[in-house]
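Would you be able to build a 3D model of this:
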Amino acid sequence: MNRKTIMLGVAGDSASGKTTISKGIVEALGADQVTAICCDHYHKYNREERRQRHLSALHPECNYIDIMEQHFRLLREGQPILKPVYNHKTGDFDKPDYIEPTKFVIIEGLLPFHTRIMRLCFDAKVYLDPPEELRTEWKIKRDTTKRGYTEEQVRRSMRGREDIAPRFIHPQRSYADMIVRFYPPDLGHVDAAAAGDSHLNAELVLMPTLPHPDLTDVLTHSGPDRREPSHPAMRLELARYEGRPADYLEIDGNVSPEKAEELMDIIRGHLPPNANLDESRLGRYQYGLEERRSYPLALTQLLIAYHLVKSADQMAFATDRAVKPPLEALN
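Residues are numbered from 1 along each chain as shown. Reported below is the predicted structural model:
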């Protein structure tokens, strides 16, 4: 592929937080710099047709996988696409959108890593893996407030999908460069209030498939915290994930705003000097009609954005060297 854009893939089960993660990164990098696309638009059947065929939207047979492959490659090469549009409110399709990719492209959805061709399009791949209890609360709240379902309809739909996600969604974890898990301190007491709480902890599994930033200076300044002096804001340890070595980064949900801003400033120092990143937009999410801010979310988004900005800087450097070869090469 003739690489012209920087692409991020965000995969995960329904209501795992994919849109929230992506939206903050879009706003931080600038909407004029980022093209964000949801894989839901590539559903093959509308809601009624899926019901009649007894097919879940999570199943690859219910999605145009071949068209996603084609469109991912075109976007990677900086080419426009005619993107289908699925309307979650009506459960049907609207007229397609003409999309010209910008500097950064974010693809989020259920199956963005399903095939090798799709995976090869991404500079960074993130998989969201919240505890099932928390994801259930998130899905109920989203689908009842934004998509017109009743709670019983949501729960019935989730029961019908129990065998689909382990077969097709969960295996994508093994292809991710970063696995992100937000969770409450006490998993046994997850409820609607906890699901909207801005103090969820975050666990990031950093796989060696990407050169993650050296966080030594960040960890040095991660404690003590005035809000939780006995718990550092961030902890890092080497362990194994599915048999492979990985770094486990823990971000405490009770990190104070002052400490979080300090750590974000240090991470910002790892970015290229010309990185235009509005950190004030990171960590923000909607809880009903209220906008809240989670600092573990903000730090997670910043670490993901780091890879996009660094990849863009490396691509610009490589392009510049191709246009202007070094003097020794001319002699």
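
all helices for the stretch 101-250 of the chain, in order.
For the stretch 101-250 of the chain, the helices defined by DSSP state H, counting those that start in this stretch cover 116-120, 132-146, 151-160, 165-168, 192-195, 216-220.

can those go into TSV with extra columns for mean pLDDT and distance to L210?
Where you see a C-beta, it was placed from the backbone N, CA and C, and this is true even at glycine. As requested, the helices of the stretch 101-250 of the chain are exported to TSV (pLDDT from 0 to 100; distance: least, CB to CB, whole Å):
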stretch	mean pLDDT	distance to L210
helix 116-120	98	13
helix 132-146	91	25
helix 151-160	90	32
helix 165-168	96	24
helix 192-195	46	30
helix 216-220	94	17
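
what's the average pLDDT for the longest helix anywhere in the chain?
If you go by DSSP state H, the chain has its longest helix at helix 295-323. Taken as a whole, helix 295-323 has a mean pLDDT of 89.

and L128, bridged to which residues?
G12, V180 (DSSP bridges).

circling back to that earlier point, quick check: buried residues in the longest helix of the chain?
Across helix 295-323, burial judged by 16 or more other CB atoms under 10 Å covers 295-313, 315.

likewise stretch 175-191?
Buried residues in stretch 175-191 (16+ other CB under 10 Å): Y175, A176, D177, M178, I179, V180, R181, F182, Y183, P184, V190.

can you check stretch 22-40 too?
Of the residues in stretch 22-40, 22-29, 34-40 count as buried by neighbour count, 16+ other CB under 10 Å.

Stretch 43-54 too?
Buried residues in stretch 43-54 (16+ other CB under 10 Å): H43, K44, Y45, R47, R50.

so where do the strands sit in the stretch 1-150 of the chain?
6-12, 34-38, 81-87, 92-99, 104-109, 124-128 (DSSP state E, counting those that start in this stretch).

Which secondary structure elements does the second one sit against?
In other words, strand 34-38. In terms of contacts (3 or more CB pairs under 8 Å, 6 or more residues apart in numbering; DSSP states H and E), strand 34-38 is packed against helix 18-29, strand 104-109.

Restricting to C-alpha, output stretch 12-26 in CSV.
Listed next in CSV are the C-alpha coordinates belonging to stretch 12-26 (Å, rounded to 0.1, in the frame of the first residue of the first chain):
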residue,chain,number,x,y,z
GLY,A,12,-14.3,-4.2,21.0
ASP,A,13,-17.7,-5.6,21.9
SER,A,14,-20.8,-3.5,21.7
ALA,A,15,-20.8,-0.6,24.2
SER,A,16,-17.2,-1.2,25.3
GLY,A,17,-16.3,2.5,25.0
LYS,A,18,-15.0,2.6,21.4
THR,A,19,-16.7,5.9,20.4
THR,A,20,-15.8,7.6,23.7
ILE,A,21,-12.1,6.7,23.2
SER,A,22,-12.2,7.8,19.6
LYS,A,23,-14.1,11.1,20.1
GLY,A,24,-11.6,12.5,22.6
ILE,A,25,-8.7,11.7,20.3
VAL,A,26,-10.5,13.4,17.4
